[in-house]
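Undergrad: Build me a model:
(4 chains)
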There are 4 protein chains.
Amino acid sequence: MTLDPTKHPDWKIAQDAESRMKTIEALASDLGLEGPELLPYGHYMGKVEQQAVLRRLENRPNGKYIDVTAITPTPLGEGKSTTTIGLVQGLARRGQRSSAAIRQPSGGPTMGMKGSAAGGGLSQCIPLTPYSLNFTGDLHAVGAAHNLGMTALTARMQHERNYDDATLEKFSGMARLNIDPTRVNTGWVMDFCVQALRNIIIGIEGDGRRNDGFMMRSHFDITVASEVMCILSIARDLADLRERMGRMVLAHDRNGKPVTTSDLGVAGAMTAWLVEAVKPNLIQTIEGQPVFVHTGPFANIALGQSSVIADRVALKLSDYHVTESGFASEMGYEKFWNLKCHYSGLTPDAAVVVATVRALKNHGGAPQPKPGQPLPEAYTREDVGLVEAGCANLLHHLGVVRRSGVPAVVCINKFHSAMGYSSKQG
Amino acid sequence: MTLDPTKHPDWKIAQDAESRMKTIEALASDLGLEGPELLPYGHYMGKVEQQAVLRRLENRPNGKYIDVTAITPTPLGEGKSTTTIGLVQGLARRGQRSSAAIRQPSGGPTMGMKGSAAGGGLSQCIPLTPYSLNFTGDLHAVGAAHNLGMTALTARMQHERNYDDATLEKFSGMARLNIDPTRVNTGWVMDFCVQALRNIIIGIEGDGRRNDGFMMRSHFDITVASEVMCILSIARDLADLRERMGRMVLAHDRNGKPVTTSDLGVAGAMTAWLVEAVKPNLIQTIEGQPVFVHTGPFANIALGQSSVIADRVALKLSDYHVTESGFASEMGYEKFWNLKCHYSGLTPDAAVVVATVRALKNHGGAPQPKPGQPLPEAYTREDVGLVEAGCANLLHHLGVVRRSGVPAVVCINKFHSAMGYSSKQG
Amino acid sequence: MTLDPTKHPDWKIAQDAESRMKTIEALASDLGLEGPELLPYGHYMGKVEQQAVLRRLENRPNGKYIDVTAITPTPLGEGKSTTTIGLVQGLARRGQRSSAAIRQPSGGPTMGMKGSAAGGGLSQCIPLTPYSLNFTGDLHAVGAAHNLGMTALTARMQHERNYDDATLEKFSGMARLNIDPTRVNTGWVMDFCVQALRNIIIGIEGDGRRNDGFMMRSHFDITVASEVMCILSIARDLADLRERMGRMVLAHDRNGKPVTTSDLGVAGAMTAWLVEAVKPNLIQTIEGQPVFVHTGPFANIALGQSSVIADRVALKLSDYHVTESGFASEMGYEKFWNLKCHYSGLTPDAAVVVATVRALKNHGGAPQPKPGQPLPEAYTREDVGLVEAGCANLLHHLGVVRRSGVPAVVCINKFHSAMGYSSKQG
Amino acid sequence: MTLDPTKHPDWKIAQDAESRMKTIEALASDLGLEGPELLPYGHYMGKVEQQAVLRRLENRPNGKYIDVTAITPTPLGEGKSTTTIGLVQGLARRGQRSSAAIRQPSGGPTMGMKGSAAGGGLSQCIPLTPYSLNFTGDLHAVGAAHNLGMTALTARMQHERNYDDATLEKFSGMARLNIDPTRVNTGWVMDFCVQALRNIIIGIEGDGRRNDGFMMRSHFDITVASEVMCILSIARDLADLRERMGRMVLAHDRNGKPVTTSDLGVAGAMTAWLVEAVKPNLIQTIEGQPVFVHTGPFANIALGQSSVIADRVALKLSDYHVTESGFASEMGYEKFWNLKCHYSGLTPDAAVVVATVRALKNHGGAPQPKPGQPLPEAYTREDVGLVEAGCANLLHHLGVVRRSGVPAVVCINKFHSAMGYSSKQG
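TA: Numbers count the residues shown, from 1 in each chain, chains lettered A, B, ... in the order given. From the prediction side, this is the model:
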């Protein structure tokens, strides 16, 4: 019924599957959500009122908790998202209520050459296009919250420069914070790869005016790398999010003391922008299983984990819940185990280490394959020696998992297509 | 049943009404939408598939089309949004199927001291909080589209500096555009009032590296002032939007020739971010009438009109459709008549000129009232002379409307509360 | 004996005259200087120990004091310096001990298209080349003094940002000055027309370092426009210079109080660089009369007067001393009379208003002549009407002089050459 | 007759000696200069017309040529300038016609905490104050020449941005140079330690104007580190200087090709500012021997050698000429031998390696002494072991000299004063 993945590109398979996909109401119902626990966003996407679900199912035991990590990938990506979704599809075929948790793609790589990390082949999530762009607005909300904090910070610096102590306290109700302009390490965010905003000077005064900010060096990061995103990933609920948001450090004062969003009086307003973003999103695999989507990618420059909230609610609703950690295990699994599990109190029942023959060959000595270029010959012939040599890498990553005491399962991702190019975002 | 507006603040009245509000499905059904023509966003907000509606009702005649404008307001605001919503509520009580079209508030004034322009007293739209923040994500999408264009522009300038003609053409497929860095008049957007980003220098090269953009002066505007927002206001449909987006000028080349998003090959990608934003949003008055919300405010620095699309679909669904033009008539009505109606081909049946005794007294010579300060004495005593003198202002604005040949109706907005402070955004 | 000015350019006439010029010792002796009162700078230039001369000749009455000003010039210049030197040459032919005081040219116009303001034709000062470049180093010294003040200011701002009150006071012995970075109106100086340094940002911190100044907008002016130059023009002697130097305002603190070089503890060091510059320079006309050269040009953007010191010492040594005021009388003479004479206590015996038929024709309605272009036809034919009409301008400038009560003499400068292009600097 | 150096500070010894110093004419006469070969600058300083001297003495054999270098100094300085001057004084007492060549101090350390490198104790050069400040203007002239080059470069970049090929060529007579703004490695110069100008952005366009330069990162170096200074050090005469000046690279074009001052057409004008600076300066030791002063300090960041021209003329006039190389031998002597001697063709007859017991103790393990702090105890007691251990450093520096084949002489500088703090500039 689905298109043949050896003959059609990913987007065509997704488009075809979308013509038959469940409405969000049917998906939610199959998942076991009741009445207003689903917040529809159009006909095929929705958010879950996780607090209501968790309250209702407080006494239901959690399902099995499976993390997906990987060996060191080649630049082509080895299919962690694909495996995550494939696992859920497979478990469903075996009659298990199963769900996945993945992360929302960043506009940076989506608008670049990389694509939007929705899995591939017969293991994708849909609807593909809205998921890849604005989706339900979570990344936008994270960016707004972050930039609101920076707006408050820079406005404060301007006011502290312009006004004496008495005026300052009268209008703001706060004593001078004495922020050190050379120790403002936080920048602004925008969810594109904007090289032009990497290194900027802000607050340049116009002629004779003093209302154009406080001049200093600054920069823009990609939104998904915001500390707000990190907080969203590990918060247990809105109250926890609000509390952590207030401890976020934006700068240091002249004595080296941290200046937080609470010091600036803006933590509540920042949280207000996240009231909807804190609710995990729900879409489906091309075979109709529930896929939770929450927080953003990049385990190298950010936390890069799907959220604690998504996992907590999914574990109540599924027999098996498969969550994904970005990058290979030395980044993704380490952050999963030492940070995310530390905050959630959850322990996985198993960890899947994704490998491909291609990556094993690469680690065994074959030349690095490159996106957009033909695979080197070493990858197209049979060469058991290269694969064996590459297993050293696999063993190392298995060791990373083993140190946490969690059982590890190796999964070899075999590509249907000769292309074998996943749209990874890390 | 609703709270007494002389005793409760606006937000409390809204909160109380929200406890009884219709679901978005009920609201859409009352409005006459069918099945998938409604895209729900949670339980009380939604978007309208306007193309489907317009196709279905192609042959139904339009309802009456009423524009709301005003005399020159005081800094307190004289209640244009309130009158717009009040009119719809009144027409409904007289048994008419009526609807309003207003604009989504900007995060700048919302996060500042002004509030979010949802009307006031017994004439407000709800749900108030989500409407005031992320809403259905339209402003975020406009910002993303705009900033994607700027990302393409600045990346191009970097590449044109770094590479020779042959390399440039090989990788981009485009001949050198020769963009003049002193004639890049377009900046970036963020939907807050960020004084610190008003005047910036971008693209500062790091030591020895050439991949940090092209150094030039730049600036951030508030998102609602983006030309993308303007295009969204006047587009007839997605195809029209796509076509206009490609004509958007971001810079000039060294010979003074405009450089458009089409020249940069980014117009399609920018439009992709707006596929949902092009659909008008639907919420309700506190008495349950439909309120279309589309595009953004500020008729002084932007177009500041609710959208052509919202009006077109509403006129098919209502006997009376009341739309709002920002600021007083010399800005709002002029732009409504000469630009918006020019592009839509629609002609209003009447224009309402909102006035208050307070503003008339002000124009008659009473001192300017100020937000957060007690009203001067001239406003609390009866003084017909001041009002009469101030009518000169009213007459002028009536003249603006009359010149367009549209019948004008004066509406005196009487405040329930002594405060009389509307949360205007212009 | 001198070259025919109708056949040779100015520089050739100068070069020829230089082959016969007096040594600086002979020139000084003819002027009446004794022994060490002359400080030779090479064989043909020197400085005068004015304090010694003034002490020795304390009781000798001053010679006649003549100021040269002008009507509004055309862009070609009408010959104020030429007239000044010509007057001295003429008075000498009539047996009077006469001297001139002119200003040292700025490297800006000298290196640009304008030339170095040494008079023209048969009325020039020599040696031309060294006078036009480093000369005796006065402009360099003024620049060094000025930039040393700015160095102290910016170092102080850096230290005040980096250190707490106790550390600051321990190392500098000064309490916090609290300089407001938005109210640093003084820039740096360089004696060229450097458009690239007109608007700069300084003190950009390197990564992680805090020793690269305090980031702020700044700019470079041309050295001759420095306030240090202005102080040098009006100081009576070194002690007076030192005292005025300490009152020079470089910035304002956050309460709007001026911050002076004395507040920064740098006034003495700045003055040290000017110990030689305070002594007026001596060269000669091409006919061997003494020409004092002191301070710099530009009565529009600076004081633009030769110095009080040069005039004081010359008046003791000459029967007639002719000094020059930059630009036309509404700038040059006004500053001469209201500022320079105010500080010196001297009163001129006469003021010469330089005019040319060319400028009178221009003011009478002839098109503006332009450097490097042929003179319009109106200037090459006889046209008394144009000249008469232009006399309105002359009358106005005579009125400026008359209001000071000083007798005015009109001098018509007739060009030998068809070119008639003086190398003016204003 | 001179003051007791154990009882008086250096400046007092200098001041006392100045009351008895020879006039510049007497000094020049003793040195064997004739008539106009001396250019006096005031009564005690002068420049030498080296071309005339060299022509006149073409056939006279050179005197002995001695270079002074040193072991690795402590931060207090070990007395290279002092030894240089002391050697000349000592040779004179033995009846030899001897002269020194040292470098003019930079205003940076002079205005900082370091002093002006005029030797110390009984071996100083005088007059001290003018030598330490403007002197005869050479450093100013070098700065002017350098900055004129940068003015031409930045003006060219502005013009190339603003004008098309035809206009550009019409006005400048040069084809487009296509200067790459990210490869302009040369900055501007100012002879102070200005941390605030270390990292700047220049050419910031004013609103709507295109005549404020080309915006790019830039910086100011200290004048003595200018490549112009380096060229002045190694030039044989004015013609050689002119030729080398034209090969000075200021930037690179977009293809990586160097852009020289000749390409910019400014090399001649830059040289014009150096016509006097190319002539070496002449002052005296406090015992009346001739001291040539030419070019500037800092063998770490610059060439840091007295000039080829000074040495060439001095060798014709002296039996023994002692010249100085900045820093220890691994910088100063290496640059002297491999660069300066390479260009001059001269070979020294001996090299003096200056050492102190203090420095030897330091290299032997005693704690580093610091300016402004009491000497650690290890320096005030007798400790032959420390000195012996420190001789390893001395041996290494002797090896540096030996590799050049030049005989080395060790000179132990013994301080008269307990302070022993020389005003070194490197």
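Undergrad: where does chain A come near chain D, residue by residue?
TA: Residues of chain A lying close to chain D by Cβ under 8 Å from any Cβ of the partner chain are residue A:201. (C-beta placed from N, C-alpha, C; glycine too.)
Undergrad: Relative to the whole chain's centre, how far out is the longest helix seen in chain A?
TA: Longest helix of chain A, by residue count under DSSP state H: helix A:138-162. With Cα atoms, centre = their mean, to the nearest Å as the basis, helix A:138-162 stands 23 Å off its chain's centre.
Undergrad: Then stretch A:250-260?
TA: 29 Å.
Undergrad: Going by neighbour count, list what's buried in it.
TA: Neighbour counts over stretch A:250-260 (16 or more other Cβ atoms under 10 Å in any protein chain shown) mark A:250, A:251, A:252, A:254, A:259, A:260 as buried.
Undergrad: Just give the nearest non-adjacent residue to residue A:355, would you?
TA: Nearest in space to residue A:355, with sequence neighbours left out and distances taken as Cβ to Cβ, 6 or more residues apart in numbering or on different chains, is residue A:71 at 4.8 Å.
Undergrad: Residue A:391 is in contact with that neighbour, correct?
TA: No: applying Cβ atoms under 8 Å as the test, residue A:71 and residue A:391 come out as separate, 9.3 Å apart.
Undergrad: hey, where'd the strands end up in the stretch 301-426 of chain A?
TA: A:320-324, A:350-355, A:408-412 (DSSP state E, counting those that start in this stretch).
Undergrad: Just send those back as JSON lines, with mean pLDDT and mean neighbour count too.
TA: Below are these laid out as JSON lines (pLDDT from 0 to 100; neighbours: other Cβ atoms under 10 Å in any protein chain shown):
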{"stretch": "strand A:320-324", "mean pLDDT": "97", "mean neighbour count": "28"}
{"stretch": "strand A:350-355", "mean pLDDT": "96", "mean neighbour count": "24"}
{"stretch": "strand A:408-412", "mean pLDDT": "94", "mean neighbour count": "16"}
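Undergrad: What segments of the stretch 151-300 of chain A are strands?
TA: For the stretch 151-300 of chain A, applying DSSP E, counting those that start in this stretch gives strands covering A:188-190, A:200-202, A:216-218, A:220-222, A:249-252, A:258-260, A:281-285, A:290-293.
Undergrad: Among the ones you listed, single out whichever gets nearest to residue D:203.
TA: Closest of the strands of the stretch 151-300 of chain A to residue D:203 is strand A:200-202, at 13.9 Å (criterion: Cβ to Cβ).
Undergrad: What are the buried residues along that closest one?
TA: A:200, A:201, A:202.
Undergrad: repeat for stretch A:296-315
TA: For stretch A:296-315, the neighbour count (16+ other Cβ under 10 Å) marks A:296-299, A:302-315 as buried.
Undergrad: And the residue of chain A that's closest to chain D?
TA: Among the residues of chain A, residue A:201 lies closest to chain D, at 7.3 Å counting by Cβ to the nearest Cβ.
Undergrad: Can you tell me which residue of the stretch 251-400 of chain A sits closest to chain B?
TA: At 5.7 Å from chain B, residue A:273 is the closest residue in the stretch 251-400 of chain A, using Cβ to the nearest Cβ.
Undergrad: what residues are up against that residue?
TA: A:141, A:144, A:145, A:148, B:133, B:134 (Cβ atoms under 8 Å, 6 or more residues apart in numbering or on different chains).
Undergrad: Could you turn the buried ones of those into a PyMOL selection?
TA: In PyMOL, a selection of the buried entries from the contacts of residue A:273 looks like this (16+ other Cβ under 10 Å):
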select buried, (chain A and resi 141+144+145+148) or (chain B and resi 133+134)
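Undergrad: could I get the contacts of residue A:273 as TSV with distance to residue B:374 and pLDDT?
TA: Below are the contacts of residue A:273 laid out as TSV (distance: Cβ to Cβ, whole Å; pLDDT from 0 to 100):
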residue	distance to residue B:374	pLDDT
A:141	38	98
A:144	35	98
A:145	36	98
A:148	31	97
B:133	31	94
B:134	36	95
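Undergrad: of all the contacts of residue A:273, which two lie farthest apart?
TA: Across these, the longest distance by Cβ to Cβ is 12.1 Å; it joins A:148 and B:134.
Undergrad: Residues of the stretch 101-250 of chain A that sit close to chain C?
TA: Residues of the stretch 101-250 of chain A lying near chain C by Cβ under 8 Å from any Cβ: A:161-162, A:164, A:180-182, A:201, A:204-205, A:210, A:215-217.
Undergrad: ok, which stretches of the stretch 101-250 of chain A are helices?
TA: Using DSSP state H, counting those that start in this stretch, the helices of the stretch 101-250 of chain A run over A:107-111, A:128-132, A:138-162, A:165-172, A:227-234, A:238-245.
Undergrad: Make JSON lines from those and add distance to residue D:61 to it.
TA: Listed next are the helices of the stretch 101-250 of chain A as JSON lines, based on distance: least, Cβ to Cβ, whole Å:
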{"stretch": "helix A:107-111", "distance to residue D:61": "75"}
{"stretch": "helix A:128-132", "distance to residue D:61": "86"}
{"stretch": "helix A:138-162", "distance to residue D:61": "70"}
{"stretch": "helix A:165-172", "distance to residue D:61": "78"}
{"stretch": "helix A:227-234", "distance to residue D:61": "77"}
{"stretch": "helix A:238-245", "distance to residue D:61": "85"}
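Undergrad: Go ahead and confirm residue A:286 touches residue A:14.
TA: Yes: counting by Cβ under 8 Å, residue A:14 is a contact partner of residue A:286 at 6.6 Å.
Undergrad: shared neighbours of these two, anything?
TA: Joint contacts of residue A:286 and residue A:14 (Cβ under 8 Å, 6+ apart) are A:124, A:126.
Undergrad: Please see if the longest helix of chain A touches chain B.
TA: Yes: counting by Cβ under 8 Å from any Cβ, chain B is contacted by helix A:138-162 at A:140, A:141, A:143, A:144, A:147, A:148, A:150, A:151, A:154, A:155, A:157, A:158.
Undergrad: top of the residues you listed by neighbour count?
TA: For the residues of helix A:138-162 next to chain B, the largest number of neighbours (other Cβ atoms under 10 Å in any protein chain shown) sits with residue A:144, at 29 neighbours.
Undergrad: is it true that it touches residue B:191?
TA: Yes: using Cβ under 8 Å, residue A:144 makes contact with residue B:191 at a distance of 7.2 Å.
Undergrad: and residue A:133, how far is that from residue B:277?
TA: Per Cβ to Cβ, to the nearest Å, residue A:133 is found 10 Å from residue B:277.
Undergrad: returning to what we had before: could you dump the strands of the stretch 151-300 of chain A to JSON lines with distance to residue A:105 and mean pLDDT?
TA: Shown next, in JSON lines, are the strands of the stretch 151-300 of chain A (distance: least, Cβ to Cβ, whole Å; pLDDT from 0 to 100):
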{"stretch": "strand A:188-190", "distance to residue A:105": "15", "mean pLDDT": "98"}
{"stretch": "strand A:200-202", "distance to residue A:105": "26", "mean pLDDT": "95"}
{"stretch": "strand A:216-218", "distance to residue A:105": "26", "mean pLDDT": "94"}
{"stretch": "strand A:220-222", "distance to residue A:105": "12", "mean pLDDT": "96"}
{"stretch": "strand A:249-252", "distance to residue A:105": "27", "mean pLDDT": "97"}
{"stretch": "strand A:258-260", "distance to residue A:105": "30", "mean pLDDT": "98"}
{"stretch": "strand A:281-285", "distance to residue A:105": "12", "mean pLDDT": "98"}
{"stretch": "strand A:290-293", "distance to residue A:105": "9", "mean pLDDT": "98"}
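Undergrad: would you turn these into TSV with distance to residue A:83?
TA: Formatted as TSV, those follow (distance: least, Cβ to Cβ, whole Å):
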stretch	distance to residue A:83
strand A:188-190	30
strand A:200-202	40
strand A:216-218	40
strand A:220-222	25
strand A:249-252	37
strand A:258-260	40
strand A:281-285	12
strand A:290-293	13
